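[1] structural data only, the sequence is not supplied:
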């Protein structure tokens, strides 16, 4: 590849790396990285077509005396159908990292708990580095460990309904909020029963809790749930 990084490329990358805390993620284009060492960046995922982009990143990292670990990176096919099939197949093989005996797909996925784990970096359209909350979903394994999945990975194993369900605490009480599909909202409005059900329109926060980004702006049915995830 006939490409030489400019001083601006090197300085920009150095600023990003210096801002990363240990185990913090960095999204760049069609690539996802995580800082896993003092001077080590691990490639988590990339698309097939990002191969040349990775080579450019490696050149800059070499100049900065950083190492890129890429042996275990997930390569996502460029074809959308092939990518979906590959990701789904891989998701079915994920196991608890603590006991390595229980597959994630066999865990209680309905009881996923959304939480913020630090921050992650991204580059805006102006080329400036920005940060935002890093959301994960905690799943309890039978061995007692909590497996944390990214939102995209949780969607893969848990499906649409669980993804658009949010469990949150209000004091000691656990509540379940499930997004109402558009047709249900229309039906409730047309029949004038919207005020008769416990529905909430979510914003950025709800009852003192930060709302997961994908749930903001939605109408949800809210019910009290038991710790085991059963609605009451």
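    Perfect, thanks for sending it. Because the structure is predicted, anything quoted here is derived from the model rather than measured. Residues are numbered from 1 along each chain as shown.
[2] contacting residues around residue 34?
    23-26, 41-42, 44 (CB atoms under 8 Å, 6 or more residues apart in numbering). In short, each C-beta sits where N, CA and C put it, glycine included.
[3] quick check: which ranges of this protein have low pLDDT?
    1, 121-129, 184-198, 226-232 (pLDDT under 70).
[4] which one of the contacts of residue 34 is nearest to residue 167?
    residue 25 (23.6 Å; CB to CB).
[5] out of the contacts of residue 34, which end up buried?
    24-26, 41-42, 44 (16 or more other CB atoms under 10 Å).
[6] in strands only, show me those.
    Counted as lying in strands by DSSP state E, out of the buried ones among the contacts of residue 34, are 25-26, 41-42, 44.
[7] per-domain residue ranges of this structure.
    1-76, 94-160, 164-232 (automatic domain parsing).
[8] export these as TSV, with columns for distance to residue 84.
    Listed next are the domains of the chain as TSV, based on distance: least, CB to CB, whole Å:
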stretch	distance to residue 84
domain 1-76	10
domain 94-160	9
domain 164-232	18
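[9] does residue 115 really touch residue 134, like I thought?
    No: the pair residue 115 / residue 134 is not scored as a contact, 9.8 Å apart, by CB atoms under 8 Å.
[10] more neighbours, those two?
    residue 134 (18 against 15; other CB atoms under 10 Å).
[11] I'd assumed that one was in a strand, is it?
    Yes: Residue 134 forms part of a strand when assessed by DSSP: H, G, I helix; E, B strand; the rest coil.
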